[in-house]
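J.: Dropping the sequence and predicted coords here.
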Amino acid sequence: MAENKNFIIDFDSTFTKVEGLEALAEIALHNKPNKKKILEKIETLTEKAMQGDISFRESLEKRLALLPANKDHLKLLIVRLQKQISTSFNRNPTFFTQYKNSIYIVSSGFKDFIIPVVERLGLSAKNVYANTFTYDKEGNITGFDEDNILSTNNGKVKLLQQLDLQGDVYVVGDGYTDYEMKAAGLANKFYAFTENVAREKVMHKADHITPSLDEFLYVHQMNRTLSYPKNRIKVLLLENIHADAKKIFEEEGYQIESLSTALDEAELAEKIKDVSILGIRSKSLLTEKVLKQAKRLIGVGAFCIGTNQIDLEACAKKGVSVFNAPFSNTRSVVELAIGEIIFLLRNLPTKMQAMQDGNWQKSAQNSYEIRGKKLGIIGYGNIGAQLSVLAENMGLDVYYYDIVDKLPLGNVTKCKSLKQLLTTCDIISLHVEGKTENKNLLGEEELNAMKKGSILLNLSRGEVVDLNALKKALESGNLAGAGIDVFPEEPKTNQEKFTSVLQGMPNVILTPHIGGSTIEAQENIANFVANKIIKYVNTGSSTSSVNFPNLQLPQLQDAHRLLHIHYNRPGILAEINSIFGQHNINIDGQYLKTNQQIGYVITDVNKAYDEAVVNKLKSLEGTIKFRVLY
Ligand SMILES: NC(=O)c1ccc[n+]([C@@H]2O[C@H](COP(=O)([O-])OP(=O)(O)OC[C@H]3O[C@@H](n4cnc5c(N)ncnc54)[C@H](O)[C@@H]3O)[C@@H](O)[C@H]2O)c1
Ligand SMILES: O=C(O)CC[C@@H](O)C(=O)O
């Protein structure tokens, strides 16, 4: 960085998260009955001056007149403010030590509390320009030094004129008075700092909005603690993902756009262009065509279990890691399945409809207990196995069939074939994933093989059951009922109409794909997936990614982490290491894992490395994506 740059930094709500005078008022008015009222008045006066609505001098005089503070209060204030230094300022101590002579704190606040706070980051008192309090003999604040230029209207502008700084001048602040220095032609650029407070009027005037100091340092290509400012990471959340996900990403400093609906292929292809993280549920199809448009995509969150809506291979080949929530909604599905089994065996859907229609049908006909009935589970995975445990505890005799060898829990019986399961059980519940091989897993032949009077549940994926064949089986009486939560074609939004061949059939429960839609499940999913993605972005850790080689990485300490994603071909690791060798790179740790498509190599290196290494790694044949983390 050129040495002839000067940085003018505001204090209140920029260097610290809060306004100093407001914090002082909080302390001085502690336990006073009129505290709330006075604080409100002080806040209003601060805001009016910040927005440029009243003169600074007027605001200062009125605020101090409302403030019964003394030197003891100031001591407490300093301790409080030292703990409230803005997060991104605290994160980048090197900036302050490296440029301490070019950084000027220019504030309409008071040196009495500003100096001890900025000294925390290595700045010296001589570069602090601010007001000073006046005190009486007892140490009570009586006013301010009226000769100080910063206590006058337009004080910051006048001060900067006096300072007559040589070289480029950059102003970073949250208030209108900070902008005025640029407007007066005294600064090259004004950066509206919005980490603590975002004022429309000020942002509107800014040359650049900087949501954190990281962004400012990134724009100026200066030494910084984070390789990439988090505010540049754009997240698109679709399909009404639980609000916790938005909150978690926001707290991380990302930019979020959240929509309640799914998008069709063309809409998503357009929207995804500048998105770094995409969050979807089961309705948005992430196809190769959409992915082609995704220029910045790093990670995808399937905020559900199923990932059949995502072209996982195409994602891997683009270096995009996909995460889902394999356990967070399993209990919800199981509880719904149990409820439906009871409802269907009691013939409740028909009886309930009769009541709605005004018909009293008190009778035990077609109503059975679940105790002792044979439940057959197709797909003994996370949901199937959990269902078996609960069902067994309720007195059901449980059987299962899975294409993979699975350990039976409790007294469950494993069936050798699907046919054996279908011909043995009174209730069949599907819990397989929605891959193409499972399309019409239960068609006419399989449904006819089911026991007469049995019932069917599908809470897995719509394509797994041939619904026309199911309709016939229900009409013929071979099946006594069905509970269907998932459909080959489902509306994209709650406003779209739903149609199905099963509508109007007796003893059939149709639900709008809500097996996993409980408050608990959605909250769990939002937390689980959002945190996995953040960990991947911050550390490269791909644990439980569904399409990436899984690597759990140690915390990065005092090193740079180079993430290299490449097509899995022999010899590439040797080539990577040969580049490190040629440049005398000191490797702190290296981790490698591959799957059929891609290889994922992570190398932690000493911070002092030649930048040419990065370019060589990026241009290595077969490279899909390269990221540097620190
Ligand atoms: N209705 C909902 O809202 C809802 C909620 C959550 C999950 N789901 C769906 O439920 C399904 C199961 O979820 P999970 O978490 O238990 O998955 P899982 O991967 O843990 O289990 C699936 C099991 O099915 C087995 N399987 C696959 N194909 C099979 C076949 N043809 N025959 C027999 N077994 C087969 C697999 O070997 C595996 O053991 C998924 O499709 C998921 O998307 C639906
Ligand atoms: O919430 C959804 O859209 C999907 C729920 C479920 O099918 C899943 O795969 O977890």
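T.: Perfect, I can see it now. Numbers count the residues shown, from 1 in each chain. Ligands and ions are numbered 1, 2, ... in the order given.
J.: I figured residue 601 was touching residue 574, is that so?
T.: No - look at residue 601 against residue 574 with C-beta atoms under 8 Å: they stay out of range, at 11.0 Å. Quick note: C-beta positions are derived from backbone N, CA and C, even for glycine.
J.: okay, the two: which has more neighbours?
T.: Comparing residue 601 with residue 574 by other C-beta atoms under 10 Å, the one with more neighbours is residue 601, at 21 against 9.
J.: Which secondary structure elements does the one helix or strand the more buried one maps to sit against?
T.: Applying DSSP states H and E as the criterion places residue 601 in strand 598-605. Strand 598-605 is packed against strand 560-567, helix 572-582, strand 587-594, with contacts defined by 3 or more C-beta pairs under 8 Å, 6 or more residues apart in numbering; DSSP states H and E.
J.: 6 Å - rerun?
T.: strand 560-567, strand 587-594 (3 or more C-beta pairs under 6 Å, 6 or more residues apart in numbering; DSSP states H and E).
J.: Residue 45: which of those strands is closest?
T.: When those are ranked by proximity to residue 45, the top entry is strand 560-567, at 47.2 Å, counting by C-beta to C-beta.
J.: Buried residues, that closest one. List them.
T.: By neighbour count on 16 or more other C-beta atoms under 10 Å, the buried set for strand 560-567 is 560, 561, 562, 563, 564, 565, 566.
J.: can I assume the last one is in contact with residue 575?
T.: No - applying C-beta atoms under 6 Å, one finds residue 566 not in contact with residue 575, separated by 9.5 Å.
J.: Could you report the separation of the residue nearest the centre of the chain from ligand 1?
T.: For the chain, the residue nearest the mean C-alpha position is residue 249 (3.2 Å; C-alpha atoms, centre = their mean). Using C-beta to the nearest ligand atom, to the nearest Å, residue 249 is found at 23 Å from ligand 1.
J.: so what's that residue up against?
T.: Residues in contact with residue 249 (C-beta atoms under 6 Å, 6 or more residues apart in numbering) are 235, 256, 530.
J.: quick one: which of those residues is most hemmed in?
T.: Greatest neighbour count in the contacts of residue 249, by other C-beta under 10 Å, goes to residue 530: 29 neighbours.
J.: Neighbours of the nearest residue to residue 482 once chain neighbours are set aside, how many?
T.: Counting by C-beta to C-beta, 6 or more residues apart in numbering, residue 482 lies nearest to residue 456, which is 4.7 Å off, once chain neighbours are set aside. Using other C-beta under 10 Å, residue 456 has 26 neighbouring residues.
J.: that's a strand at residue 456, yeah?
T.: Yes - under DSSP: H, G, I helix; E, B strand; the rest coil, residue 456 falls within a strand.
J.: how about the lengthiest helix in the chain: buried residues?
T.: Longest helix in the chain by number of residues (criterion: DSSP state H): helix 519-539. Of all the residues in helix 519-539, those buried under the rule 16+ other C-beta under 10 Å are 521-522, 524-530, 532-539.
J.: So what touches it?
T.: Helix 519-539 is contacted from outside by 242, 244-245, 248-249, 252, 277, 299, 301, 303, 321, 323, 325, 328-329, 332, 541, 553, using C-beta under 6 Å, 6+ apart.
J.: If we use 7 Å, what do you get?
T.: By C-beta atoms under 7 Å, 6 or more residues apart in numbering, the residues outside helix 519-539 that reach it are 233, 241-242, 244-245, 248-249, 252, 277, 298-299, 301, 303-304, 321, 323-325, 328-329, 332, 541-542, 544, 553, 556, 629.
J.: Of the residues you listed, which belong to strands?
T.: 277, 299, 301, 321, 323, 629 (DSSP state E).
J.: Please name the bridge partners of residue 323.
T.: Residue 323 has these beta-bridge partners by DSSP bridges: residue 301, residue 545.
J.: Let's see the pLDDT reported for the closest residue to residue 67 other than its chain neighbours.
T.: For residue 67, ignoring the flanking residues on the chain, the nearest one in space by C-beta to C-beta, 6+ apart is residue 25 at 5.5 Å. Turning to residue 25, the model gives it a pLDDT of 94.
J.: What strand or helix carries residue 25?
T.: Using DSSP H and E, the element containing residue 25 is helix 20-28.
J.: Tell me which other helices or strands that helix touches.
T.: If you count contacts as 3 or more C-beta pairs under 7 Å, 6 or more residues apart in numbering; DSSP states H and E, helix 20-28 packs onto helix 35-50, helix 71-82, strand 103-110.
J.: From the contact counts, what lies against the second one?
T.: Meaning helix 71-82. Counting contacts by 3+ C-beta pairs under 7 Å, 6+ apart, helix 71-82 packs against helix 20-28, helix 111-118.
J.: In whichever helix or strand comes after that helix, which residues are buried?
T.: For helix 71-82, the following helix or strand on the C-terminal side (DSSP H and E) is helix 87-91. Buried positions in helix 87-91, judged by neighbour count with 16+ other C-beta under 10 Å: 88, 89, 91.
J.: cool, stretch 123-141 as well?
T.: Buried residues in stretch 123-141 (16+ other C-beta under 10 Å): 123, 127, 128, 129, 130, 131, 133, 135, 140, 141.
J.: Let me know the closest of these to ligand 2.
T.: Set against ligand 2, the nearest of those by C-beta to the nearest ligand atom is residue 123 (50.8 Å).
J.: phi, psi of that closest one?
T.: Here is the backbone geometry of residue 123 (degrees, to the nearest 10): phi -80, psi 150.
J.: State the pLDDT value of it.
T.: pLDDT recorded at residue 123 is 98.
J.: same check, this time on the one 10 residues further on
T.: The score at residue 133 is 97. That number is its pLDDT.
J.: Likewise for residue 3?
T.: 64.
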